[in-house]
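Q: Quick one, structure for this:
(one chain, ligands or ions: 2)
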Amino acid sequence: MSTEQSAGSTAGPADVLRDRDTAALTELLPVLSELYQDLHRHPELSGQEHRTAATLAHALEALPYEVHTGVGGTGIVALLRNGPGPTVLLRADTDALPVEEQTGLPYASTEQAPGPDGSPVPVMHACGHDMHAAALIGAAHLLAGSRDAWSGTLMLVLQPAEETLQGARAMVADGLFERFGKPDIVLGQHVGPLPAGYVGFREGPVMAGVEAASITLYGRGGHGARPETTVDPVLLAAHVVVRLQGIVAREVPPGETAVLTVGRLQAGTKDNIVPGHAEIGLTLRAHSESTRALLHRAVERIVHAEASASNSPRPPVVRWLMDGPALVSDPEATRVTASAVAARVGQERIFPIPAVTASEDVGFLAQAAGVPIVYWFWGGPDADTVRAALADGTHDELPGNHSPEFAPALHPTLETGVHNLVAAALAWLDGSTDQERRT
Ligand code: ZN
Ligand code: ZN
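A: Ligands and ions are numbered 1, 2, ... in the order given. The predicted structure follows:
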């Protein structure tokens, strides 16, 4: 601990570094804003982030990082080895969504790209991953510029395909930690519905574990006028949907968070034909692994039991399509990180946030490395707009992540995102004036 800080001075080395970084960021901001707008104008779908990766690799070129591209598809790993000490992984995701942008912004996207079936779909950075990537590039600049103030290794990870929950896994499978070393901590952030300039932390579960399933139920088709000759998969599917809703209501302990949504129900072609099969698509979410396992088992049990109750001629097929772990922000590490971020952006700009039932695959990086993760949200919407909406009770109507009108205020969102990452990284690197916060 520095003598200045232990003496309670308000102008310790951390403040000097913050002021130096703020000046550097002011100078960098036009370039960084341009980068953000360029990424926003040219969004790419999960797994297709080729232009994005080239742009980001180019943005890192002038800096003293060792840059590796093509990791796990279009992922980038940038390393800055700066003497002995911990390795700190800063992660930003880079993919966009099949959404038609309706923000009216001068830098709005008009891009299209081949969707899952090959036909073109509109593409938009509707989740703010362009902001995540631009903020990480800003932090890369500032941390490279303050190498005299810290020691250790910075590992920047620009991860593709978050929206499909495949990118983190793909980078790990491509040897992320074997090739580039294991971090001591994983740090990441997401822009969200808080007022711009504010940062929200939570100790413990932050986002839910998720699974998705596609279910085929079999019947025996025939004439709608002669149901006695058929096994009706429409009735069977209807029973399954209703029964599935009993899991959260009747099987999950009331204190646990759990969601089960059937988002797809398809059967038949014509009013008077009993079809041969029905399809159900569902997603389930929980903040604990045990609840997620309970939901999974209950889905299997109900689907098979209802098929049997309907005298289905073939067992149902349940295909589990994707899964992602719950994102649990390590409580102790979160306290350390939040206090470092507070010292930089102002304690009055930090507040606690509730856990959400959306999901993220960044937790997989920490899980695979066997190290703690700290993950937080920072504000995107204009602060005055949020205040006004809170005052008149229309906050829920503000366009959130994944909305075609999702439009984070460029400033101060970008600057705050950069400062968050720099402060968080410095809290875990050696030799920094923030180091005493770890003890
Ligand atoms: Zn998203
Ligand atoms: Zn996102």
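Q: got the buried residues for whichever strand or helix holds residue 34?
A: According to DSSP states H and E, residue 34 maps onto helix 13-41. Neighbour-count burial for helix 13-41, counted by 16 or more other C-beta atoms under 10 Å, picks out 14-15, 17-18, 21, 24-25, 28-29, 32-33, 35-41. Placement of C-beta: from N, CA and C, glycine included.
Q: Can you pull the phi/psi pair for the closest residue to residue 135 other than its chain neighbours?
A: Residue nearest to residue 135 in three dimensions, not counting chain neighbours: residue 417, with 3.0 Å by C-beta to C-beta, 6 or more residues apart in numbering. Per-residue torsions, residue 417: phi -60, psi -40 (degrees, to the nearest 10).
Q: re the thing from before, which secondary structure elements does the helix holding residue 34 sit against?
A: Helix 13-41 sits against helix 3-6, helix 50-60, helix 129-145, helix 331-345, helix 410-428, with contacts defined as 3 or more C-beta pairs under 8 Å, 6 or more residues apart in numbering; DSSP states H and E.
Q: quick one: average confidence on the first one?
A: It stands for helix 3-6. Averaging pLDDT along helix 3-6 gives 39.
Q: Could you do the fourth one as well?
A: Per-region confidence: helix 331-345 scores 97 on mean pLDDT.
Q: Direction included, what does the helix or strand just after it pair against?
A: Downstream of helix 331-345, the next assigned helix or strand under DSSP H and E is strand 350-352. Sheet pairing for strand 350-352, assigned by DSSP bridges, gives strand 199-201 (parallel).
Q: which stretches of this protein have low pLDDT?
A: For the chain, residues meeting the criterion pLDDT under 70 lie at 1-11, 432-439.
Q: Can you pull up the most central residue in it?
A: Of all residues in the chain, the one closest to the mean position by C-alpha atoms, centre = their mean is residue 360, 3.8 Å from it.
Q: Pull the distance from stretch 215-228 to the chain's centre.
A: The chain centroid and the centroid of stretch 215-228 are separated by 42 Å under C-alpha atoms, centre = their mean, to the nearest Å.
Q: Send me it as PDB with only the CA atoms.
A: Taking Å, rounded to 0.1, in the frame of the first residue of the first chain, the C-alpha atoms of stretch 215-228 are listed here in PDB:
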ATOM      1  CA  ILE A 215     -38.500 -32.200 -29.500                       C
ATOM      2  CA  THR A 216     -40.300 -34.400 -32.000                       C
ATOM      3  CA  LEU A 217     -43.500 -36.100 -30.900                       C
ATOM      4  CA  TYR A 218     -44.800 -38.900 -33.100                       C
ATOM      5  CA  GLY A 219     -48.400 -39.700 -33.800                       C
ATOM      6  CA  ARG A 220     -50.300 -41.700 -36.500                       C
ATOM      7  CA  GLY A 221     -51.700 -39.500 -39.200                       C
ATOM      8  CA  GLY A 222     -55.100 -39.800 -40.800                       C
ATOM      9  CA  HIS A 223     -58.400 -38.200 -41.600                       C
ATOM     10  CA  GLY A 224     -59.500 -35.500 -39.300                       C
ATOM     11  CA  ALA A 225     -63.000 -37.000 -39.400                       C
ATOM     12  CA  ARG A 226     -61.800 -40.300 -38.100                       C
ATOM     13  CA  PRO A 227     -59.700 -39.500 -35.000                       C
ATOM     14  CA  GLU A 228     -60.200 -43.100 -33.700                       C
END
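Q: ok, and for that stretch, which residues are buried?
A: 215-222.
Q: Distance check, residue 102 against residue 58.
A: Counting by C-beta to C-beta, to the nearest Å, the separation of residue 102 from residue 58 is 30 Å.
Q: next one: residue 49
A: Using C-beta to C-beta, we find residue 49 at a distance of 14 Å from residue 58.
Q: higher neighbour count, the two?
A: Of the pair residue 49 and residue 58, residue 49 is the one with more neighbours under other C-beta atoms under 10 Å, namely 29 against 11.
Q: contacting residues for the residue lying closest to residue 22 once chain neighbours are set aside?
A: Nearest-residue entry for residue 22: residue 419, 7.8 Å, with adjacent residues in sequence omitted and distances by C-beta to C-beta, 6+ apart. For residue 419, the contacting residues are 18, 21-22, 25, 341, 344-345, by C-beta atoms under 8 Å, 6 or more residues apart in numbering.
Q: cool, and residue 194?
A: With C-beta under 8 Å, 6+ apart, residue 194 has these contacts: 200, 351, 353, 377-381, 386.
Q: Assumed residue 405 was part of a strand.
A: No: checked against DSSP: H, G, I helix; E, B strand; the rest coil, residue 405 lies outside a strand; its state is coil.
Q: ok, it touching residue 102?
A: Yes: between residue 405 and residue 102 there is a contact under C-beta atoms under 8 Å: 5.4 Å.
Q: Quickly list what's touching both of these two.
A: With C-beta under 8 Å, 6+ apart as the test, residue 405 and residue 102 reach no residue in common.
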